[in-house]
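Visitor: Sharing a model prediction with you, sequence too.
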Number of protein chains: 2
Amino acid sequence: MEFSKRITGMQESPIRKLVPYAQQAKAKGKKVFHLNIGQPDIETPASFMDTIKQFDEKVLAYTLSQGIPELIKAIIDYYKKNDIYFEDDEVLITNGGSEAIMFAIIAVADAGDEILIPEPFYTNYNGFSAAVSVSVSPITCQAETGFHLPSKQAIEEVINPKTKAILLSNPGNPTGVVYTRDEIHMLAELAAEYGLYIIADEVYREFVYDGLAYTSFGHIKSIQDRVIIVDSISKRYSACGARIGSLASKNKELIKQILKLCQGRLCVPTLEQIGAVKLYQTPDSYLTDINHEYQKRRDSVFKSLNQIHGVFCKKPAGAFYVVAKLPVDDAEKFVIWMLNDFDDQGATVMLAPAEGFYATPGLGRDEARIAYILKENDLEKAMDILQKALKAYPGNTLA
Amino acid sequence: MEFSKRITGMQESPIRKLVPYAQQAKAKGKKVFHLNIGQPDIETPASFMDTIKQFDEKVLAYTLSQGIPELIKAIIDYYKKNDIYFEDDEVLITNGGSEAIMFAIIAVADAGDEILIPEPFYTNYNGFSAAVSVSVSPITCQAETGFHLPSKQAIEEVINPKTKAILLSNPGNPTGVVYTRDEIHMLAELAAEYGLYIIADEVYREFVYDGLAYTSFGHIKSIQDRVIIVDSISKRYSACGARIGSLASKNKELIKQILKLCQGRLCVPTLEQIGAVKLYQTPDSYLTDINHEYQKRRDSVFKSLNQIHGVFCKKPAGAFYVVAKLPVDDAEKFVIWMLNDFDDQGATVMLAPAEGFYATPGLGRDEARIAYILKENDLEKAMDILQKALKAYPGNTLA
């Protein structure tokens, strides 16, 4: 039996493909500290379920393909607070940020076209692109510079007539990089000069530390018809299982085109939309508190990593990830070894090997993404286990 | 600004694009009988919300990409009752039947490939295909034969090396056709002889009337590795707003490939999956009662249509749609006219013009899909209004 080339060519999620090893480890009674997946431990605000519980329509009917008006309004109000201005017909509700990204790619690129993505990148960008026959051209970034962008000229070298868009997450997943105002403006210039769209995945907008200023692509008026902003409630309100995202653009004609894709899949689930409206009314202090919590966790993990012999990373400024270089032959082998063959008093750690976050073959083999989504206490334990595991690992390159 | 060719080439949903006219009509105080959309008026079983209301996890987390095990099990049990047998690793939960169809197309066809679809067909088949750069080759069916399939030879003429699959809904949306055992076996033969997949959209499986025997592609063992069954709770349990569907195949390797797409979008919302488990435990009498209710409605609508001068349709045997030929110059114009310029004591009717359900240009222009999803009493009123509207319509071709 034959399958399509595009699907056989897709890689398995590097975040999820090692899950069976973790399940085996747990079946053997091992405690696994999960730093491999961006699933926050923060409680979802109770208003979400409270509102859903009040739903009392007798028929759970289709809703509007673009999303319910109350949620669109809530998102517009949210953006306003962030100095970004959208109107009703410039916002679409989607099945998570995932669907927003897939729809954006379909709308701006045909089969055989290319999109630029700074690597390492959120691995599913590759998956969505492959699924719709679009190629990824990586803009390689380095651990040594904290994964900031290379020069404008270096990016221009990757652009060709088939290039349709630049896709990036800011703050960055998996790197935690927060692009500077200059970097954002440099990309905006490239978009204008080469006629590219910017697909800006800004789901970690509130997760910026050290009081750093954040520049959204929504702030750059000069290219607003080229900007598509992808958003989600998953991380902001710790509601990953709700799968509520959105896609917004000042380019109303683009929104009209993408609405056709929304109509095709009819609508987004009703209940989560109703719940999401309430989430957007959560007091800002909720977000501030979470920001402080993650900054503490970031500090803790960074300090620990710095103390491990042979580990290298720059201090990340956003999201809740860091990509660290490890003194190992192969990070995937190392993670599997930690799950299968190692424990410290019955406990071990799971990381996401970083190779799958790169499009350039061979890059990232000695890197792993660490999601600091556990309480500080647990993070410290996990970092201690990691240190011991690196020491004991037969493939340690310093040994 | 340029958009992709695939998105600009997509038609607007013919079911939804006339919604603004209906909104205007209602704003003017007109009562609109909606026979244009397959939104049943049947109550969703209360068990759905009752279970969701009991959800008390503090963090609404990601769930497994393939779906929660309880729901996969419930679906396997459901199929068993229908003499169709699947195992755990042969079923994936999807965002509605819509996502299942899109994933199936991606998995079996590359950009530039073709899939065969009997026309008129559920219009979003075209949209999903276009979105992923796959072409639709229509197998034209006729109102005069009740939209049953043409000969095997006629279908063979449309098959070429780029053809990868046959996609069809059975019972048929928009036609209400229920394919005979011989038709299903003829398609199975074609699939085996030409190496095609069958993507079988069987979401209306319970909506078969007159005690007719139903043949699922799940019943045909000889080609089981070529069959992908798409399903959904939307119509079966009147839960359209839940967006819970599934994709199942005995081809385990295919399921493994499609799981990569599921991993890309992370997971399906948690709450609706929990609710759907309960829906599958609804007593069978619920489905039997609904079947009887729709059969009565079908009889009522068919009888009324037969009495309208110049209207033609064969009696449909399944789903809750009928495609009728109307004595009009253009069914879309007629529907807009009914909404804008006509009323009978303050009420009018909305249908779905059928042209958008065809891939062959020009076909279906004098046809409309009627969804008999209202109570008998309302249906009778709506048919009475339709009769009066046809008489008054300036574009009536019999006038």
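Guide: Structure's in. What do you need? Just so you know, these numbers come straight off a predicted model, no measurement behind them.

Visitor: Show me which helix runs longest in chain A.
Guide: helix A:284-307 (DSSP state H).

Visitor: Tell me which residue lies nearest the centroid of chain A.
Guide: Nearest to the mean C-alpha position of chain A, by C-alpha atoms, centre = their mean, lies residue A:173 at 4.4 Å.

Visitor: what about that residue, which SS state?
Guide: coil (DSSP: H, G, I helix; E, B strand; the rest coil).

Visitor: Residue B:173 versus that one, what's the distance?
Guide: 40 Å (C-beta to C-beta, to the nearest Å). Heads up, the C-betas are built off the backbone N, CA and C, glycines and all.

Visitor: Check residue A:303 too.
Guide: 60 Å.

Visitor: Ok, residue A:107 next?
Guide: For residue A:107, the distance to residue B:173 - C-beta to C-beta - is 26 Å.

Visitor: and if you look at residue A:231?
Guide: For residue A:231, the distance to residue B:173 - C-beta to C-beta - is 34 Å.

Visitor: if we can go back for a sec, report the rounded mean pLDDT for the longest helix of chain A.
Guide: For helix A:284-307, mean pLDDT is 96.

Visitor: Tell me, what's the model's pLDDT at the residue nearest to residue A:318 when sequence neighbours are not counted?
Guide: The shortest distance from residue A:318 to any residue other than its chain neighbours is 2.7 Å, reached at residue A:171 (C-beta to C-beta, 6 or more residues apart in numbering or on different chains). Note on residue A:171: pLDDT of 98.

Visitor: burial of residue A:171, as a residue count?
Guide: 26 (other C-beta atoms under 10 Å in any protein chain shown).

Visitor: can you map out the strands along the stretch 151-300 of chain A?
Guide: For the stretch 151-300 of chain A, the strands defined by DSSP state E, counting those that start in this stretch cover A:163-169, A:197-201, A:227-232, A:244-248.

Visitor: Stretch A:107-124 and chain B, any residue contact?
Guide: Yes: Stretch A:107-124 reaches chain B (C-beta under 8 Å from any C-beta of the partner chain) through A:107, A:108, A:109, A:110, A:111, A:112, A:113, A:124.

Visitor: Show me what whichever strand or helix holds residue A:98 is packed up against.
Guide: Counting by DSSP states H and E, the element that carries residue A:98 is helix A:96-108. Counting contacts by 3 or more C-beta pairs under 8 Å, 6 or more residues apart in numbering or on different chains; DSSP states H and E, helix A:96-108 is packed against strand A:91-95, helix A:124-131, strand A:163-169, strand A:197-201, strand A:227-232, strand A:244-248, helix A:252-264, helix B:5-8.

Visitor: Now do the helix or strand just after that helix: distance to the chain's middle.
Guide: Per DSSP H and E, the first helix or strand lying C-terminal to helix A:96-108 is strand A:114-119. Relative to its chain's centre, strand A:114-119 lies at 15 Å (C-alpha atoms, centre = their mean, to the nearest Å).

Visitor: residues in the stretch 151-300 of chain A within reach of chain B, list them.
Guide: Residues of the stretch 151-300 of chain A found near chain B (C-beta under 8 Å from any C-beta) are A:164, A:195, A:225-226, A:238-243, A:251, A:253-254, A:257-258, A:260-261, A:263-272.

Visitor: related to what we said a few turns ago, from residue B:230, how far out is the residue nearest to the centre of chain A?
Guide: From residue A:173 across to residue B:230, the span is 32 Å (C-beta to C-beta).

Visitor: returning to what we had before: out of the residues of stretch A:107-124 next to chain B, which are buried?
Guide: Among the residues of stretch A:107-124 next to chain B, those buried by neighbour count (16 or more other C-beta atoms under 10 Å in any protein chain shown) are A:107, A:108, A:109, A:110, A:111, A:113, A:124.

Visitor: Could you identify the pair within these that is furthest apart?
Guide: Maximum pairwise distance in those, criterion C-beta to C-beta, is 20.5 Å, between A:110 and A:124.

Visitor: Point me to the residue of chain A nearest chain B.
Guide: residue A:111 (3.3 Å; C-beta to the nearest C-beta).

Visitor: residues of stretch A:316-330 that come out buried?
Guide: Going by 16+ other C-beta under 10 Å, stretch A:316-330 has these buried residues: A:316-328, A:330.

Visitor: Apologies, that question was intended for stretch A:21-35.
Guide: Result for stretch A:21-35 [16+ other C-beta under 10 Å]: buried residues A:21, A:22, A:25, A:30, A:32, A:33, A:34, A:35.

Visitor: So which of those residues sit within helices?
Guide: Per DSSP H, these map to helices at A:21, A:22, A:25.

Visitor: how is chain A carved up into domains?
Guide: A:5-43+A:285-392, A:47-279 (automatic domain parsing).

Visitor: now for those domains, which one comes closest to residue B:389?
Guide: domain A:47-279 (25.5 Å).

Visitor: quick one: contacts for residue A:184?
Guide: Residue A:184 makes contact with A:170, A:215, A:217, A:219, A:220 under the criterion C-beta atoms under 8 Å, 6 or more residues apart in numbering or on different chains.

Visitor: Just the buried ones among those residues, please.
Guide: A:170, A:215, A:217, A:219, A:220.

Visitor: Bridged to residue A:163, which residues?
Guide: Here residue A:163 sits in beta bridges with residue A:114, going by DSSP bridges.

Visitor: ok, now which ones touch it?
Guide: For residue A:163, the contact set (C-beta under 8 Å, 6+ apart) comprises A:113, A:114, A:115, A:116, A:137, A:194, A:196.

Visitor: and the closest residue to the residue nearest to the centre of chain A other than its chain neighbours, which of the three is it?
Guide: Sequence neighbours aside, residue A:122 is the residue nearest to residue A:173 in space, at 4.6 Å (criterion: C-beta to C-beta, 6+ apart). Recorded secondary structure, residue A:122: coil (three-state DSSP).
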